[in-house]
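Enquirer: build me a model from this:
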Amino acid sequence: MSSRLVAGPAALIAIAGIVTGALLESGLPAPVTQWAFIVLSLPLPALGWLLSVRRPDLRYGWLLLAAGLALGLGTLGAGLAVRGGLTPLAAALGSLFAVFYGLTWIFVPLLFPDGRLPSRRWRVAAWISGIAIVLHTVGFALHRMDPYQPRSESLSTWELVLAFVTGGAQFVTWVVAVIVFGGLLVRWRRSGDGERRQYAWMVGGVTATLAGATLISFVQFGGVRTWLVVAMGTLAAVGSIPTVIAVAILRHRLFDVRVGLRGSRLHLMFDLRPTADEVLTDLGPALEDASEPVEQLGRLAAAVRTGLDLRWAAVTLADGTRVVAGEEAGEAVLELQVRGGSARYGGRIECGPRDTGPLTRVDRRLLQALAVPAGLAIQSAGLVTRLINAQEAERRRIERNIHDGVQQQLVALIAGLELARATGAGPDMLAHLREQARQTLADLRELAAGIHPSALSQGGLVEAVEERCARLPVRTTVSSPPSLRSRRFADEVEGAMYFTVSEAVANALKHACATTIDVRLTHDDGRLAATVADDGEGFDPHMVARRGLATLADRLDALGGGLSVDSEPGKGTRVNAWVAVHG
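Expert: Coordinates of the predicted model:
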């Protein structure tokens, strides 16, 4: 609504100024050239209004509207000067022609097509141009001298200084305009096929505009005043830019505007893609509602495809998992590498081509804005996948241990009992079977401890860790604050910390040849932490895979915690694990 309140009155003022000023200047009946001027001038404020209202986020529409407003007020000033003399009001309004020419010569081509500078290097040129345009405008208004009718009397020192500043500013504007035109040519040559056609029209329009301005300057300073030269120069300088923009819209869907039939009437239809804020607002709930990791990746890919108006988009995880939204056809035209907290959760977003032209810098910025939620979604999906794989591997390990261990012992025990019954076994055989049953029970308890030890359920984390370390063949100390012994936490938190400690001490025995192990449990500032340090051989963490600890790190990550390993060859190993807890 705010864009309509600003753009509407500005466009009406520009249109009224163009029509009124042109008719005041020529009078009625107006010649054909004056009507041609009006017809070629009106599309500029009309296009500026249309884009500003329908695409208020697109700066280019506001730029065209500003140029149209300057043209309209400048034309009104020229008409007032013809009818009532060069009054201060007429001079002030007429000076806005300098703003119109500065915008169309410099900023319209410089900010094409999305209203942003091509690169940071153009900031200096933009600032110099802005200052020159302001000086030219102010100097022209203060000078109050008709450029087509120079005065014969001598000028004062002040008027000479003012004329010098005004002329110098106009010269700077010309120089920068030529530089900007050269930059436009370079961008045209380097652009892709779709953008090149849009750039080609703008190159042609700027060429015609500068040519028209040259003719007008030739008239002003060369003393030639044929109506044909004036008319051609004015019409080219005023009408070229809006004409080529309109053609680029009609033929190449510039600014995502296309012409089509709606019902039985011809309409301009805007392909308004959502802004980055809108995409992020919709993406958050969509990811929360998706329970499966593949579904999350699918919704992320769909959001990228919809937001950029792509034929297809794909999200690929580091482990090769790939989800595509749309029908994948052709090669990706843009890729974005995404990191989800760490390298092992990384992935990439691939963007297919668009039917409506190439991806612009605005599209690339939208994709970069999606990097943070995309990284979180990829991390979540990768974490869930790794946990599922770890759970499946653990299930198979338990199944294998039961099959190869306890199950075989129970089969042997049953066979022994059958044999004892059939043969009337004596005390020795019964004692042997009793010992075999005790061993089977011990193995079952050990297996259950690997799943969830009874000490953890009954006594808590500290007691379970002490029981686990009491059975180790090396000197092991377990220390914790007294308040932690009676403290209980959620089952998943206690289980994750217990198995992390258990895995760390097992690694110290099997791989580090440690003779001393120190386990510390702490609870400070809402963080439950465990540290396992040994005096073993140590290793380079970057050269050795963590294997079992990697799965536990995923488990801690899922709980909002983390795990780190500090080690050096010959200096032992320290495993630090933590998880956030409430209360």
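
Enquirer: quick one, domains of this protein?
Expert: Following automatic domain parsing, one finds the domains of the chain at 2-257, 276-383, 384-449, 459-580.

Enquirer: in a markdown table, list those domains along with mean neighbour count and mean pLDDT.
Expert: Every C-beta, even on glycine, is put in place using the N, C-alpha and C of the backbone. Putting the domains of the chain into a markdown table (neighbours: other CB atoms under 10 Å; pLDDT from 0 to 100) gives the following:
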| stretch | mean neighbour count | mean pLDDT |
| --- | --- | --- |
| domain 2-257 | 18 | 81 |
| domain 276-383 | 18 | 71 |
| domain 384-449 | 13 | 64 |
| domain 459-580 | 17 | 84 |
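
Enquirer: where along the chain do the strands fall?
Expert: Assigned by DSSP state E, the strands in the chain fall at 257-262, 265-270, 312-317, 322-326, 334-338, 347-351, 475-479, 516-524, 527-534, 562-567, 573-580.

Enquirer: between the ones you listed, which one is closest to Pro29.
Expert: Pro29 lies closest to strand 265-270 among the strands of the chain, at 32.1 Å (CB to CB).

Enquirer: could you save the strands of the chain as CSV and add columns showing distance to Leu509?
Expert: Output for the strands of the chain, formatted as CSV (distance: least, CB to CB, whole Å):
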stretch, distance to Leu509
strand 257-262, 71
strand 265-270, 69
strand 312-317, 35
strand 322-326, 41
strand 334-338, 39
strand 347-351, 37
strand 475-479, 10
strand 516-524, 8
strand 527-534, 9
strand 562-567, 15
strand 573-580, 12
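
Enquirer: looking at these, which is nearest to Ser3?
Expert: strand 265-270 (13.4 Å).

Enquirer: average pLDDT across the closest one?
Expert: Confidence for strand 265-270, expressed as mean pLDDT, is 52.

Enquirer: about what we covered before: and of the strands of the chain, who's closest to Ala169?
Expert: Ranking the strands of the chain by proximity to Ala169 (CB to CB) places strand 257-262 first, at 35.2 Å.

Enquirer: who are the neighbours in contact with Leu325?
Expert: Careful, residue 325 is Ala and not Leu. 298, 301-302, 304-305, 312-314 (CB atoms under 8 Å, 6 or more residues apart in numbering).

Enquirer: now do the helices in the stretch 101-250 of the chain.
Expert: In the stretch 101-250 of the chain, the helices defined using DSSP state H, counting those that start in this stretch lie at 108-110, 123-143, 157-190, 193-222, 227-252.

Enquirer: let me fix that: the stretch 451-583 of the chain
Expert: For the stretch 451-583 of the chain, the helices defined by DSSP H, counting those that start in this stretch cover 454-459, 461-470, 482-485, 491-510, 548-558.

Enquirer: helices or strands up against the third one?
Expert: Taking 3 or more CB pairs under 8 Å, 6 or more residues apart in numbering; DSSP states H and E as the contact definition, the neighbouring helices and strands of helix 482-485 are helix 461-470, strand 516-524.

Enquirer: can you redo these as a markdown table with distance to Met497?
Expert: Converted to a markdown table, those look like this (distance: least, CB to CB, whole Å):
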| stretch | distance to Met497 |
| --- | --- |
| helix 461-470 | 6 |
| strand 516-524 | 8 |
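
Enquirer: which stretch among these comes nearest Arg187?
Expert: Using CB to CB, the helices and strands packed on helix 482-485 put strand 516-524 closest to Arg187, at 57.9 Å.

Enquirer: next one: that closest one to chain centre, how far?
Expert: 42 Å (CA atoms, centre = their mean, to the nearest Å).

Enquirer: from Ser457, how far off is Met497?
Expert: Separation of Met497 from Ser457 (CB to CB, to the nearest Å): 14 Å.

Enquirer: for Arg55, which of the helices of the stretch 451-583 of the chain is the nearest?
Expert: For Arg55, the closest of these is helix 548-558, at 42.2 Å, according to CB to CB.

Enquirer: now for the residue located most distally from the centre of the chain: which residues touch it?
Expert: Computed with CA atoms, centre = their mean, the residue of the chain farthest from its C-alpha average is Gly424, at 81.0 Å. Applying CB under 8 Å, 6+ apart to Gly424 gives no contacts.

Enquirer: how about Val172?
Expert: Here Val172 is in contact with 128-129, 132 (CB under 8 Å, 6+ apart).

Enquirer: do Gly21 as well
Expert: Contacts for Gly21 (CB under 8 Å, 6+ apart) come out as 72, 74-80.

Enquirer: I'd say Leu162 and Leu142 touch.
Expert: Yes: look at Leu162 against Leu142 with CB atoms under 8 Å: they come within range, at 5.9 Å.

Enquirer: re the thing from before, can you list the helices of the stretch 451-583 of the chain in JSON lines and add distance to Thr243?
Expert: Conversion of these to JSON lines gives the following (distance: least, CB to CB, whole Å):
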{"stretch": "helix 454-459", "distance to Thr243": "79"}
{"stretch": "helix 461-470", "distance to Thr243": "77"}
{"stretch": "helix 482-485", "distance to Thr243": "79"}
{"stretch": "helix 491-510", "distance to Thr243": "68"}
{"stretch": "helix 548-558", "distance to Thr243": "59"}
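
Enquirer: right, and those helices - which one's nearest Ile349?
Expert: Closest of the helices of the stretch 451-583 of the chain to Ile349 is helix 548-558, at 21.9 Å (criterion: CB to CB).

Enquirer: for the closest one, packing partners?
Expert: Judged by 3+ CB pairs under 8 Å, 6+ apart, the packing partners of helix 548-558 are helix 371-401, helix 491-510, strand 562-567, strand 573-580.

Enquirer: check contacts around the closest residue in space to Gly68 that isn't next to it in sequence.
Expert: Distances taken as CB to CB, 6 or more residues apart in numbering place Pro45 nearest to Gly68, at 3.0 Å, with adjacent residues excluded. Each residue near Pro45 by CB under 8 Å, 6+ apart is listed here: 10-11, 14-15, 18, 64-65, 68-69, 71-72.
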